[in-house]
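Student: next one to model:
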Amino acid sequence: MKLETLPQGVRLAVEAAQSKQAGGITVIDLNGYAAFTQYFVICTGFSTPQIQAICNEVEGLLHKELKRSPEHREGHRSTEWALLDFGGFIVHVFGEQARKYYDLERLWREAPKIEVVDDGEKRKNELSERVS
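Tutor: This next block holds a predicted model:
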């Protein structure tokens, strides 16, 4: 599974989260594993304002590009977790502690996943490759 092969809405959600410096962006392919959605997009926000900014950016970009709004929202004003349900995919934005507690990657460990390398990690990997 590659990011480029995912549905446009999922790719836009990842792009929106990246633009707000979300950490640990992971996409889990739930096709064949769950009946309620096809994908989870999971990421970490490091403060309440950042969690809200990530959610706002995901909603804004999906509305602008695809005229799509979430079918359901939960925890948007929460300090630890927010959920945006777009039907075919669900975006989970966690604070660090909540992400460890709920550990969705472990819960759905059998499903294929993509871990999106953030720009900071990408630069660090590129530097270490040059030094090697």
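
Student: E110 versus K64, what's the distance?
Tutor: If you measure K64 against E110 using Cβ to Cβ, to the nearest Å, the figure is 35 Å. Every residue, glycine included, has its C-beta placed from N, CA and C.

Student: likewise for G9?
Tutor: If you measure G9 against E110 using Cβ to Cβ, the figure is 24 Å.

Student: could you give the bridge partners of G23?
Tutor: Going by DSSP bridges, G23 is paired in beta bridges with T44.

Student: now do the one 5 residues further on
Tutor: Counting by DSSP bridges, I28 forms beta bridges with F40, K113.

Student: neighbours around it, how many?
Tutor: Using other Cβ atoms under 10 Å, I28 has 27 neighbouring residues.

Student: please, where are all the strands along this structure?
Tutor: Counting by DSSP state E, the chain has strands at residues 23-29, 39-44, 72-74, 81-85, 89-94, 113-115.

Student: neighbours around the nearest residue to S19 once chain neighbours are set aside, how many?
Tutor: The shortest distance from S19 to any non-neighbouring residue, by Cβ to Cβ, 6 or more residues apart in numbering, is to E57 (5.9 Å). With neighbours defined by other Cβ under 10 Å, the count for E57 comes to 19.

Student: gap between E57 and P112?
Tutor: Following Cβ to Cβ, the distance that separates E57 from P112 is 26 Å.

Student: of G9 and E110, which one has the most company?
Tutor: Neighbours were tallied for G9 and for E110 using other Cβ under 10 Å; the higher tally belongs to G9 (21 against 9).

Student: please report the distance of that one from Q97.
Tutor: Taken as Cβ to Cβ, the spacing of G9 relative to Q97 amounts to 28 Å.

Student: and if you look at G88?
Tutor: Here the distance between G88 and Q97 works out to 29 Å (Cβ to Cβ).
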